[in-house]
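Student: My questions concern the predicted model and sequence given below.
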Amino acid sequence: MAEIGLIGMGNMGSAVMKALVEKKGAEKLLFSCRTKEHGERVSGETGVRFEPSNKLVAEKSDLVILAVKPVIYPQVLSEIRDVMGGRKILVSFAPGISIADLTEKLGGFDRIVRCMPNTPAKVGEGMTGVSYDETKFTGEEQERIGDIFRSFGRMVKVEERLMDAVTTVSGSSPAFVFLFINALADAGVRYGLRKSDAIEMAAQTVLGSAKLVLETKEHPEVLKDQVCSPAGTTIEAVAALEEAGFRSAVLRGADACYRKCIGK
């Protein structure tokens, strides 16, 4: 019996498995994926046993992680429905699919954790919003659930009604950050830097700034003010960004993401 079974081995599935291998060891894991060739390659690279059958992965695992695309969910849920029961736990990565929907499709099985991780999990710096009914799990099980998400970054437990907001603020937003890093690097190229150097400078600045927010727990506005000297270069740049609608553009992008999440 495996401690954790993963169904799906795309970007998120592989990122999570990498973290779990380091934390728990390959022998405690099991996984399935769409093609045999990919499964055998991943198994060879990680040492985790590949099982071609989604049903057998669910049957042979205490905790099952569904990391397939939402469009594949109906097929996978029908395959594992008959083996989900008892004290098993299901973790779902799919945006827009509620715990109630999953429970219905699994014939009443309701020991379900819904979450939204993001791609920085690949480097152990993921952010995951997590939702579940605490009455369905013991304290020990809740700690186990938390350990999984903390193995590849940070987690925040939220009410399920807020999961679309989680998708907006952390699930999709790495793309916003990558756009910013590339734009800032392009500015560096404009003024003579090599693109590779400019990317490194911009990316490290984003990393360091984020770490400063998290570790000092200072409000971002306070930290911004600490960089802006009176009549200096930084406040001039901030004023230009505001005039160009920087903050408004971020809010509009987030709003577009949220509306897509809720189907509007």
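Tutor: Noted; the coordinates are in hand. Because the structure is predicted, anything quoted here is derived from the model rather than measured.
Student: okay, which residue of the protein is out on the far edge from center?
Tutor: Note on the chain: the largest C-alpha distance from the chain mean falls to Ala231, namely 40.2 Å (Cα atoms, centre = their mean).
Student: mind checking how far that residue is from Thr35?
Tutor: For Ala231, the distance to Thr35 under the criterion Cβ to Cβ, to the nearest Å works out to 61 Å. Quick note: C-beta positions are derived from backbone N, CA and C, even for glycine.
Student: Count the neighbours of the nearest residue to Val83 once chain neighbours are set aside for me.
Tutor: With Cβ to Cβ, 6 or more residues apart in numbering as the measure, Glu59 is the residue that lies nearest to Val83, at 4.1 Å, once sequence neighbours are left out. Applying other Cβ atoms under 10 Å, we find 18 other residues in the vicinity of Glu59.
Student: quick one: the strands in the stretch 1-150 of the chain?
Tutor: Counting by DSSP state E, counting those that start in this stretch, residue ranges of the strands within the stretch 1-150 of the chain are 2-7, 29-32, 49-50, 61-66, 89-92, 112-116, 126-131.
Student: Specify the residue ranges that define each domain of this protein.
Tutor: 2-163, 174-261 (automatic domain parsing).
Student: Next, the distance between the ends of the longest one.
Tutor: Distance across domain 2-163, first residue to last, is 29 Å (Cα to Cα, to the nearest Å).
Student: do stretch 120-138 as well
Tutor: Start to finish, the residues bounding stretch 120-138 are 29 Å apart (Cα to Cα).
Student: Please apply the same query to stretch 55-72.
Tutor: The first and final residues of stretch 55-72 sit 14 Å from each other (Cα to Cα).
Student: Equivalent analysis for stretch 234-250, please.
Tutor: One end of stretch 234-250 sits 20 Å from the other (Cα to Cα).
Student: Would you check the distance separating it from the middle of the chain?
Tutor: Here the centre of stretch 234-250 is set off from its chain's centre by 29 Å, with Cα atoms, centre = their mean, to the nearest Å.
Student: likewise stretch 144-159?
Tutor: Taking Cα atoms, centre = their mean, one finds stretch 144-159 lying 10 Å from the centre of the chain it belongs to.
Student: cool, stretch 124-132 as well?
Tutor: On the basis of Cα atoms, centre = their mean, the separation between the geometric centre of stretch 124-132 and that of its chain is 6 Å.
Student: any idea of the mean pLDDT for it?
Tutor: Per-residue pLDDT values across stretch 124-132 average out to 96.
Student: ok, and what's touching it?
Tutor: Residues outside stretch 124-132 that contact it (Cβ atoms under 8 Å, 6 or more residues apart in numbering): 15, 19, 99, 112-121, 145-146, 149, 152-160, 162-163, 166-167, 170-171.
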